[in-house]
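Asks: Structure, please.
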Amino acid sequence: MRIEYHRTLIADHVRNDVLFKALKANIKPGVSVVSDIGAGSGLLGLMAAKLGAKDVYLYETAEVGGVAEEVIAASGLSNCFLMPCHSTEMQDPPKSDVIISETLGNYAFEEDIITTLNDARERFLAPGGVMLPDRVRQFAAPVVSPRIDQELNAWRETGATYGFDLSLPQLMSCNNAYVRKLKASELLPGSASLWDEVQFNQPCLGERSGELSWTMTSATDVYGFAVWWEASFGEGLTLSTGPDAPETHWEQLYFPVERAPIKLKEGMELTFEIRSQSGPETGTHLAWRATTVTADGEIVDQQEMDLDRGYLP
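Replies: I've put the predicted structure just below:
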């Protein structure tokens, strides 16, 4: 991985400010031992040391760990210790009063934070210790703007222009999740809803699922669904990737449907079901379903999408 990705993290002042405040609120100077899991270039570990942590252990298995080691040395910090391994591989890890892991992706769990923090809570956390983040909640809303759908229609439009059948790649493009910036005005008004919540102070499953429904108050065209997350770091501190949240290096996810737009009349109900599985052995899998039901309860349209169908054979 090139250094550019890590520069985007360092440049994300919203992210950095929340994480610094969370560490400050939980570190007892001269007492607290801190573990930074997925330390990257070492910023959070350096923050913890500056805030007076007794010892700081930085776990990083990627090549950027070499950068972190040089940064620690250049900072002259004798209480920061780089562990060049994945935290789950560490034998007899030192107990920590504060465990922090900013291993959140555009899809919250794509970097295996559930597996990582399940292990850290059981083996790393000292009695009375704190997990940061302590909770992640996931939200979704229907997208009523055709903007991104028009991008995905390039296959269909180009095929029509030159007389080719590009329906297969068109279908594959609709079985994909897209990292995009969405405006709140592009969502169904008042529709943002919670579909999943993970508490890291207890065992968490890598398989997540949720179902949301909305009843239309007027005729509406829906082109897909937006998904985002909110992570809590205690003391009222949160990071959100929502469309109306302060901008960070993260963006929202756009989940298309194969036959867009979904044309809904007043009184119709739209249901969005989403399932995910994430883990170091399985990778991240996503599947979603959109169902349209009349006011009388009749299913008039159902579309099922799966990220695995979007990959090239």
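
Asks: Can you list the neighbours in contact with stretch 298-305?
Replies: 174-175, 255-259, 262, 268, 287-294 (C-beta atoms under 8 Å, 6 or more residues apart in numbering). To be clear about C-beta, it is placed using only N, CA and C from the backbone, and glycine gets the same treatment.

Asks: Out of the residues you listed, list just those in helices.
Replies: Of the contacts of stretch 298-305, none are assigned to helices by DSSP state H.

Asks: Report the residue ranges of every domain in this structure.
Replies: Under the assignment automatic domain parsing, the domains of the chain span 3-102, 136-310.

Asks: Deepest in the core, which of those is it.
Replies: Greatest average neighbour count among the domains of the chain goes to domain 3-102 (a mean of 19), per mean count of other C-beta atoms under 10 Å.

Asks: and it, average pLDDT?
Replies: Here domain 3-102 scores 97 as its mean pLDDT.

Asks: before we move on, the earlier item: of all the domains of the chain, which lies closest to Gly128?
Replies: domain 3-102 (7.5 Å; C-beta to C-beta).

Asks: quick one: the closest one to chain centroid distance?
Replies: Taking the mean of its C-alpha atoms, domain 3-102 sits 20 Å from the chain's own mean (C-alpha atoms, centre = their mean, to the nearest Å).

Asks: ok, back up a step: Asp112: which of the domains of the chain is closest?
Replies: That would be, of the domains of the chain and by C-beta to C-beta, domain 136-310, which comes in at 5.1 Å.

Asks: mind checking how far that closest one is from the chain centre?
Replies: 13 Å.

Asks: which stretches of the stretch 1-150 of the chain form helices?
Replies: 3-10, 13-26, 43-50, 64-75, 113-123, 147-152 (DSSP state H, counting those that start in this stretch).

Asks: Including distance to Glu122, could the domains of the chain go into JSON lines?
Replies: Converted to JSON lines, these look like this (distance: least, C-beta to C-beta, whole Å):
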{"stretch": "domain 3-102", "distance to Glu122": "10"}
{"stretch": "domain 136-310", "distance to Glu122": "8"}
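
Asks: May I have stretch 254-265 as PDB, with CA atoms only?
Replies: Taking Å, rounded to 0.1, in the frame of the first residue of the first chain, the C-alpha atoms of stretch 254-265 are listed here in PDB:
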ATOM      1  CA  TYR A 254     -24.500   3.400  -2.700                       C
ATOM      2  CA  PHE A 255     -26.400   0.100  -3.300                       C
ATOM      3  CA  PRO A 256     -28.000   0.000  -6.700                       C
ATOM      4  CA  VAL A 257     -31.000  -2.100  -7.900                       C
ATOM      5  CA  GLU A 258     -31.000  -4.000 -11.200                       C
ATOM      6  CA  ARG A 259     -34.200  -2.400 -12.500                       C
ATOM      7  CA  ALA A 260     -34.100   1.200 -11.700                       C
ATOM      8  CA  PRO A 261     -36.000   3.300 -10.900                       C
ATOM      9  CA  ILE A 262     -38.400   1.500  -8.600                       C
ATOM     10  CA  LYS A 263     -41.600   3.400  -9.300                       C
ATOM     11  CA  LEU A 264     -43.700   3.800  -6.200                       C
ATOM     12  CA  LYS A 265     -47.200   5.200  -5.800                       C
END
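
Asks: I appreciate the help and will end here.
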